[in-house]
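In: Give me the fold of what follows.
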Amino acid sequence: MFINDVGQDTWEEINTGTAGANYGWPLTEGATSDPRFLGPLYAYDHSNGCAISGGAFHSLVTPQFPYRYWSAYFFADYCGGWIRARLADGTVTEFASGINQPVDLQVASDGSLYYLARGSGMVVRIAYPALAPSVDLTANGSDGLLTVVAGNGLRLDLSFDAGSAPIDSGEIYIGVFTPSGLFWLDPAQGFVPALARAYAGPLPTFGPSTLIDVPDVATLPSGGYLWFVLADPTVDGVPTGEFSDFVLTVLTLQPPRPRSSPEAIAPSASATEGP
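Out: Just a heads-up that it's a prediction; the model follows:
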């Protein structure tokens with residue numbers, strides 16, 4: 001959980017929500033070395049704005065923006081008139097500017113970002129252009145969350161739309177986050193833990209082409225799998241994912257038990273409360 005902290009004289013903060021934490025107000029703002037207080041995850045001074053406003057995480061259910069924004073935290077400043085993104089690696093980058101008093105941010109179900117501009121009385125949608133080149137990764141023909149039970153198969157298909165100008169030299173990376181960690185597809189060895197490139201060369205329009213076809217998911221460990229593809233218009237060995245897509249699958253050995261009565265869903269006396 002991230003907490004935006006509007007400062008007083010000098011600093012605006014993003015804090016990590018931690019049980020029992022003391023963030024130092026009003027004795028300190030911005031970075032601190034005082035052991036009594038938990039310092040900010042990120043802070044900027046008032047030369048960049050005056051009041052942090054709005055916060056939203058990029059959707060990891062429906063991809064909308066390129067790979068570098070996956071799991072990004074978007075935040076705005078009321079006086080600065082901008083939106084910035086804190087990326088998964090902790091770096092902060094400019095995202096949008098020229099906004100008249102932004103006061104709120106929300107991510108929609110399609111992954112696009114909405115902001116409310118109080119100064120202009122407008123709600124505006126920001127979406128990455130759905131233009132070629134683009135990639136499309138599907139699981140059993142689906143782009144959304146897919147649950148597959150034992151006895152059923154899993155097929156992943158990849159398509160690439162180069163548009164009117166095919167890429168002469170590009171590269172493709174295919175990876176998956178599994179219950180056992182991150183793995184990359186190596187054409188010679190299959191999925192391996194070290195970074196591997198699936199393809200390098202011309203990128204014309206192709207697909208759908210089957211990447212994986214598992215007859216029965218019972219042969220795989222159960223759990224969540226985030227399959228993703230990163231395509232770049234240059235060959236440099238660095239997966240920046242200028243064109244990217246992902247699909248989430250949940251593999252389970254048993255079909256979910258039906259819950260037809262209140263008694264079926266009531267917690268037992270030994271149940272442990274969670275957050």
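
In: so how many other residues sit close to the residue lying closest to Pro166 once chain neighbours are set aside?
Out: Leaving aside its sequence neighbours, Pro166 sits nearest to Pro204 (Cβ to Cβ, 6 or more residues apart in numbering; 4.4 Å). No exception for glycine: its C-beta is placed from N, CA and C like everyone else's. Pro204: 11 surrounding residues under other Cβ atoms under 10 Å.

In: Helices along the stretch 151-275 of the chain, start to end?
Out: For the stretch 151-275 of the chain, helices defined by DSSP state H, counting those that start in this stretch occupy the ranges 262-265.

In: Any stretches of it with poor pLDDT?
Out: Low-confidence segments of the stretch 151-275 of the chain (pLDDT under 70): 254-275.

In: Strands of that one, residue ranges please.
Out: Along the stretch 151-275 of the chain, the segments classed as strands by DSSP state E, counting those that start in this stretch run 154-161, 167-178, 181-186, 190-192, 199-203, 206-214, 223-232, 243-252.

In: For Ala96, which of these is the nearest?
Out: Among the strands of the stretch 151-275 of the chain, strand 243-252 comes nearest to Ala96, with 20.0 Å by Cβ to Cβ.

In: what about the closest residue to Gly17 other than its chain neighbours, distance to Glu13?
Out: Using Cβ to Cβ, 6+ apart and skipping residues adjacent in sequence, the residue nearest Gly17 is Met1, 3.3 Å away. Separation of Met1 from Glu13 (Cβ to Cβ, to the nearest Å) stands at 14 Å.

In: Tell me which of the two has more neighbours.
Out: Neighbours per residue (other Cβ under 10 Å) separate Met1 from Glu13, with Glu13 holding more: 22 against 7.

In: wait, what's in contact with the nearest residue to Thr178 once chain neighbours are set aside?
Out: With Cβ to Cβ, 6+ apart as the criterion, Thr178 has its nearest non-adjacent residue at 5.5 Å, and that residue is Tyr225. By Cβ atoms under 8 Å, 6 or more residues apart in numbering, the residues touching Tyr225 are 176-179, 248-251.

In: and the end-to-end length of stretch 98-117?
Out: Using Cα to Cα, to the nearest Å, one end of stretch 98-117 lies 10 Å from the other.

In: List the buried residues in it.
Out: 99, 101-102, 105, 107, 111-117 (16 or more other Cβ atoms under 10 Å).

In: Kindly list the main-chain dihedrals of the nearest residue to Asp186 once chain neighbours are set aside?
Out: Excluding its sequence neighbours, the residue lying closest to Asp186 (Cβ to Cβ, 6+ apart) is Ala196, at 3.8 Å. Per-residue torsions, Ala196: phi -140, psi 150 (degrees, to the nearest 10).

In: Just give the number of residues close to Ala196.
Out: Ala196 has 19 neighbouring residues, counting by other Cβ under 10 Å.
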